[in-house]
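# Just a sequence and a predicted model for now, questions to come.
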Amino acid sequence: MNKINLVVCITPLQILIARKLTKIFPDQIFYSLCIYYDDNKKYKYYIDLIKGDVSHASSYYAKSNNKIMRFFDLLAFSQFLNKNKFPDFSNVYIASVDNPFVQLLISSIIFKNIYTFDDGTANLWKNSIYNVPLDKGFVQKILLKLLGVKYDIHALKEISKAHYTLFEDTIFLRDKNVKIDLYDFKDDKYVVDESKNIKIFLGQPFNDLKYDVFNEGDIKKVLNTLNVKNYFPHPRERVVYNFIDYIDSSKIFEDYIFDLLAAHYSIEVYTFLSTAALTVANIEKLKVYALYNDELYQDFFELYEIFRKNNIGLIKV
């Protein structure tokens, strides 16, 4: 009897990694479940994309944006799981092990083995939530128990058979790490044409961080100094700047960069703190730079040191 596996994704990057996992085990049957928080074209693009890699695909839109509504969303998700009547799974592949939807899912299905994979670069941070989990409050613990959640982040890390990672030196489940690559850039067809140069600023939700360097005037000044004309926004960004050309793409940053390399572009990437830069930093054909001032470097020293160790140049602004 063929094994039936499940891949669970919350972000477009996780979907990209999940697609890679289905190709690592091409003789096995895969189901997919995508839980998404933003109903935008990037999510739709990748949710549609993974349908071609699995035997059965399902998705759930988590609409809640606060803790109170999240409880009712989890109730609705529990009903969603009951209606879908998933089969028993041989292997389940999950990221976001701290996520209550993931924990509820694992508590609601029958499976033999759990495998984890990257939840972005938080795997690299010594003090990130995945390595030093936050203690849930009393009320939250009670609500999760009422929902039937039996697995927390500690339990999921304990039972994980292996952790599939994009990074060389991840702290998260270090003794279980299995390195994978999203792309192979060694082929001759990716030879760079130096006459086709593009500079891209990789954005992030700057309003989430209260630093003067993130105001519109400073960003404009920095990008003008670096002669950067193209801006790749984060999916959660709400502020739109009128002084730069936005890259409007259904693809996430990693896939967009892959397409540029296939078109032989010479690429320079600049960012302040976006950890998406780390997923492309070790591609030899790219030049990646992180911008900082004294205040940023002091507050995000650990991240900037991770940048430095992963071939990202640091530029003081």
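Now that the structure is in, tell me what you want to look at.
# The host helix or strand of residue 142 - contacts with which helices or strands?
Taking DSSP states H and E as the criterion, residue 142 maps to helix 138-147. With contacts taken as 3 or more CB pairs under 8 Å, 6 or more residues apart in numbering; DSSP states H and E, helix 138-147 sits against helix 67-84, helix 100-108. Backbone N, C-alpha and C define where each C-beta goes, glycine included.
# Mind checking the pLDDT average for that helix?
The average pLDDT within helix 138-147 is 74.
# can you check stretch 172-186 too?
Rounded mean pLDDT across stretch 172-186 is 81.
# got a list of contacts for that stretch?
16-17, 20-21, 24, 116, 122-124, 128, 130-131, 157, 160-168, 170, 254, 258, 261, 279, 283-285 (CB atoms under 8 Å, 6 or more residues apart in numbering).
# Now go through those residues and say which are in helices.
Residues of the contacts of stretch 172-186 located in helices (DSSP state H): 16, 17, 20, 21, 24, 157, 254, 258, 261.
# distance between stretch 244-253 and the chain's centre?
Its chain's average C-alpha position is 17 Å from that of stretch 244-253, according to CA atoms, centre = their mean, to the nearest Å.
# Can you point out the buried residues in it?
Neighbour-count burial for stretch 244-253, counted by 16 or more other CB atoms under 10 Å, picks out 244, 247, 250, 251, 252, 253.
# For the residue nearest to the third one when sequence neighbours are not counted, what are phi and psi?
Distances taken as CB to CB, 6 or more residues apart in numbering put residue 45 closest to residue 250, at 4.0 Å, once the chain neighbours are dropped. Dihedral pair for residue 45: phi -60, psi -50, per degrees, to the nearest 10.
# any weak-confidence spans in the stretch 101-250 of the chain?
Residue ranges of the stretch 101-250 of the chain with pLDDT under 70: 119-123, 125-139, 185-189, 206-214.
# hey, where'd the strands end up in it?
111-117, 160-165, 177-179, 197-202, 230-232, 245-246 (DSSP state E, counting those that start in this stretch).
# check contacts around residue 95.
8, 9, 10, 11, 14, 17, 102, 116, 117, 118, 119.
# So what's the residue count around residue 147?
Counted with other CB atoms under 10 Å, the neighbours of residue 147 add up to 18.
# same deal with residue 316?
Residues near residue 316, counting by other CB under 10 Å, number 9.
# so what's it closest to, chain neighbours aside?
Of all residues not flanking residue 316 in the chain, residue 292 sits nearest, at 6.1 Å (CB to CB, 6+ apart).
# and what of residue 101?
residue 35 (5.0 Å).
# what's the helix or strand for that neighbour?
strand 29-36.
# what sits up against that strand?
2-10, 15, 18, 22, 43, 46-47, 50-51, 53-62, 77, 86-87, 89, 99, 101-102, 105.
# tell me the angle of it relative to helix 100-108?
Angle between the axes of strand 29-36 and helix 100-108 is 140 degrees (criterion: axes from the mean of the first three to the mean of the last three CA atoms, to 10 degrees).
# Tell me which residues touch residue 111, please.
By CB under 8 Å, 6+ apart, the neighbours of residue 111 are 6, 88, 89, 90, 91, 92.
# before we move on, the earlier item: let me see the contact set for the residue nearest to residue 316.
Residue 292 makes contact with 272, 300, 304, 314, 315, 316, 317, according to CB under 8 Å, 6+ apart.
# nearest residue to the fourth one other than its sequence neighbours?
Translated: residue 314. residue 290 (5.5 Å).
# quick one: the one you found from residue 275, how far?
10 Å (CB to CB, to the nearest Å).
# who has more neighbours, those two?
residue 290 (28 against 19).
# Double-check that that one belongs to a strand.
Yes: Residue 290 forms part of a strand when assessed by DSSP: H, G, I helix; E, B strand; the rest coil.
# picking up where we left off before, for ChimeraX, what selects the buried ones among the contacts of residue 292?
To isolate the buried ones among the contacts of residue 292 in ChimeraX, judged by 16+ other CB under 10 Å, type:
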select :272,300,304
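# Out of the contacts of residue 292, list just those in strands.
Residues of the contacts of residue 292 located in strands (DSSP state E): 314, 315, 316.
# ok, now which ones touch residue 10?
34, 35, 36, 37, 95, 96, 99, 101, 102.
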